[in-house]
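S.K.: pasted the sequence and its predicted model underneath.
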Amino acid sequence: MAIIQSGANPNALMTVDPTALAARFTSYPAELLGSYSIGSRTGVLPASLAAAGANTCLWSFKYNGSGVCIIRRLAVYLQINVGYAQGGIRFAAYQSRGAYTQGTTNATRTNTYQQNGARRTSMPTSTVDIYAATTTQITGDSGTFDTQPFGIFPCELVTQITVVPRNALYNLYESQSTNWYPMTLAPTEGIKIQNDTAFSATGNSNLGVMVEWDELTSY
């Protein structure tokens with residue numbers, strides 16, 4: 001039999017649950033600097049993207065803090081305003097390795113100032129930057145991204161459907177369980193969403209993005 005004592009108080013001993021005859025412990029959430037969620041949407045993505053072809057940046061996220069940033073969820077939807085020719089568009093999310101420079105040309109910055117997106121008013125302003133494309137692809141971004149995406153949104157287009165998916169957001173990535181190791185960004189690392197396939201020459205749409213993240217000193 002072992003007796004476990006507290007190093008701080010030798011008189012404090014570990015006790016056993018008399019019902020289940022098992023030691024008990026309390027699990028606390030991670031000590032966060034802040035927890036946030038925010039939605040953004042691109043401008044109307046017109047047929048000009050067809051000429052631009054595949055692999056154009058439409059949305060980007062960069063962590064500028066000094067600790068770590070944990071991505072909890074990244075979800076998207078496509079609002080179709082004018083029907084595309086029947087077929088498909090594939091969107092995908094990629095993570096940077098090392099310093100990422102966000103492009104700001106043809107982009108609108110999402111406001112994360114003054115606790116916007118914070119899950120609690122006392123939490124500080126987030127240290128991330130988020131950009132969404134205006135009416136064509138974002139240009140000027142650079143970094144070392146994985147060659148394979150960590151999330152894919154396969155969008156099968158039929159003219160009578162105006163929102164894809166019809167009734168919910170599509171999760172490109174989700175890590176809500178404490179048993180899953182979450183995607184963790186170091187300072188200056190980031191994420192981008194791009195279209196892996198070209199848009200149809202007809203139609204236009206808006207891409208909506210919901211991102212949820214935590215900021216911590218370490219993980």
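M.R.: Yep, that arrived.
S.K.: and the lengthiest strand in the chain, how far out from the chain middle?
M.R.: Using DSSP state E, we find that the single longest strand of the chain is strand 68-82. Counting by CA atoms, centre = their mean, to the nearest Å, strand 68-82 is centred 7 Å from the centre of its parent chain.
S.K.: swap in stretch 36-47?
M.R.: Per CA atoms, centre = their mean, the centroid offset for stretch 36-47 relative to its chain is 13 Å.
S.K.: quick check: buried residues in that stretch?
M.R.: Neighbour-count burial for stretch 36-47, counted by 16 or more other CB atoms under 10 Å, picks out Tyr36, Ile38, Ser40, Arg41, Thr42, Gly43, Leu45, Pro46. Using the backbone N, CA and C atoms, a C-beta is placed for each residue, glycine as well.
S.K.: what comes into contact with that stretch?
M.R.: 58-59, 72-73, 79, 81, 108, 110, 112, 116-119, 123, 126, 128, 130, 132-136, 199-215 (CB atoms under 8 Å, 6 or more residues apart in numbering).
S.K.: drop anything exposed from those.
M.R.: 58-59, 72-73, 79, 108, 110, 112, 117-118, 123, 126, 128, 130, 132-133, 136, 199-200, 203-215.
S.K.: mind putting the buried residues of stretch 36-47 into TSV with distance to Gln95 and pLDDT?
M.R.: Formatted as TSV, the buried residues of stretch 36-47 follow (distance: CB to CB, whole Å; pLDDT from 0 to 100):
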residue	distance to Gln95	pLDDT
Tyr36	18	95
Ile38	19	94
Ser40	18	93
Arg41	22	92
Thr42	20	93
Gly43	25	92
Leu45	23	86
Pro46	28	78
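S.K.: now flag whichever of these is closest to Cys155.
M.R.: Nearest to Cys155, judged by CB to CB, of the buried residues of stretch 36-47 is Leu45 at 12.0 Å.
S.K.: and the closest one, how close does it get to Phe145?
M.R.: For Leu45, the distance to Phe145 equals 21 Å [CB to CB, to the nearest Å].
S.K.: equivalent analysis for Ile130, please.
M.R.: Distance, Ile130 to Phe145, by CB to CB: 17 Å.
S.K.: again with Thr184
M.R.: In terms of CB to CB, Thr184 sits 16 Å off from Phe145.
S.K.: what does Ile193 give?
M.R.: Distance from Ile193 to Phe145, counting by CB to CB: 11 Å.
S.K.: overlap of the contact sets of the two?
M.R.: Jointly contacting Ile193 and Phe145 under the rule CB under 8 Å, 6+ apart are Tyr94.
S.K.: who has more neighbours out of these two?
M.R.: Here Ile193 and Phe145 are compared on neighbour count by other CB atoms under 10 Å; more neighbours surround Ile193, at 25 against 18.
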